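Participant: Have a look at this prediction, sequence included:
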Number of protein chains: 2
Amino acid sequence: MSEPHCHHAQSPREVASLVETCIDQLRARGLRRSRGLDALLQHMAAHHHPATLADLARVDSLAGLDQATIYRLVMKLESAGLVRRRGLHDRATYFQLVVPGHHHDYLVCTVCGRIEDIELSCPVEPLEREVMARSGYTHVYHELGFFGICPECARHAASVS
Amino acid sequence: MSEPHCHHAQSPREVASLVETCIDQLRARGLRRSRGLDALLQHMAAHHHPATLADLARVDSLAGLDQATIYRLVMKLESAGLVRRRGLHDRATYFQLVVPGHHHDYLVCTVCGRIEDIELSCPVEPLEREVMARSGYTHVYHELGFFGICPECARHAASVS
DNA sequence: ATACATGCAAACATTTTGCTTTGGC
DNA sequence: GCCAAAGCAAAATGTTTGCATGTAT
């Protein structure tokens, strides 16, 4: 939990316990502990950076897993509330494992699409309660993203014009 | 997709002036004042609710405009910084006109996809400066969305289980 | 033995591009 | 007349489903 950069790998013990917790919840929903599920959770627990289905299919430990299989697994994880989707202005959808106590905000370059993890004391959490109260929605969470032009793309644009 | 219902209803005069401002900027970039551009801006200035390309193509005043044409217009508007895209966990991308001084946050049902406009004193604006300073990014803006289950879907789910 | 999981291929939805014709300047 | 815009159709990209087979329980 003291890891500053959450997309960095966590200790093997933390990853293992996260995976077990997930699998327990999934088995209660009738899922089986299959090769694919295990590999996918293992990866997503170790790297909770947003990933598209194509990203996941490219991961070594998931190689050989069909993208349709990954798709179906991710959908099941999402239904179980273990994974959330996220739009980052890319044509593809990004997914990431929900890790209790972890919240991520991102900074995305609107030119090259680069996605950076940013640390900030997010002032939005307290608002979730207000939003739930006012709207009657349940299971509310928020998503905050910053968009702008990265220094590299800015330099490039300057040299072009 | 919910019908545009904007809390900042604009007077015809405001809409017209917004459209003129946009067209001036676009002409400076070499765009011509065409039927399509005029109709699209007119609509987007009057309804700044997020809309997909398909949404736009369905609008009466834009009927007859090919979706590829709308696509190209929207891309040009985006390049000019007059339109921003927005992901709302739908498969399609949403677009909306940038109106100076207006900022919108949305509440989206993760079950039915309904999109509601929510008013809140957004505490994120001050952070934009901090993000720019720390990252070196320019033209930074943010996007805040809340996701949850709407009362109707919650009721439905309860009656199913 | 019974489902759920997987791979493969096909269907779908959306975005993007090419090319020809039309229209603004 | 020149170059941008529009229309049409096709290609590209990403998501979703059907079906036959493999595998966990």
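Facilitator: Good, I have the coordinates.
Participant: Which parts of chain A are helices?
Facilitator: A:12-28, A:35-46, A:53-58, A:67-79, A:125-135, A:151-160 (DSSP state H).
Participant: which parts of chain A sit against DNA strand C?
Facilitator: A:30-32, A:34-37, A:64-66, A:68-69, A:72-73, A:76, A:91 (CB under 7 Å from any atom of the strand). Using the backbone N, CA and C atoms, a C-beta is placed for each residue, glycine as well.
Participant: Just want the most central residue of chain A.
Facilitator: By CA atoms, centre = their mean, the mean C-alpha position of chain A lies nearest to residue A:96, the distance being 1.9 Å.
Participant: can I assume that one is in contact with residue A:51?
Facilitator: Yes: in this structure, residue A:96 is within contact of residue A:51 by CB atoms under 8 Å, at 6.9 Å.
Participant: So for these two, which residues contact both of them?
Facilitator: Common contacts of residue A:96 and residue A:51, defined by CB atoms under 8 Å, 6 or more residues apart in numbering or on different chains, comprise residue A:44.
Participant: Pick the most deeply packed of the helices of chain A.
Facilitator: With neighbours taken as mean count of other CB atoms under 10 Å in any protein chain shown, the helices of chain A reach their highest mean count in helix A:35-46, at a mean of 19.
Participant: do that one and DNA strand D meet?
Facilitator: Yes: judged by CB under 7 Å from any atom of the strand, helix A:35-46 and DNA strand D are in contact via residue A:35.
Participant: Over to residue A:91: give its phi and psi.
Facilitator: Torsion angles at residue A:91 (phi, psi; degrees, to the nearest 10) stand at phi -70, psi -30.
Participant: repeat for the one 10 residues further on
Facilitator: In this entry, residue A:101 is assigned phi and psi values of phi 90, psi -10 (degrees, to the nearest 10).
Participant: For it, the count of nearby residues, please.
Facilitator: By the criterion of other CB atoms under 10 Å in any protein chain shown, residue A:101 has 5 neighbours.
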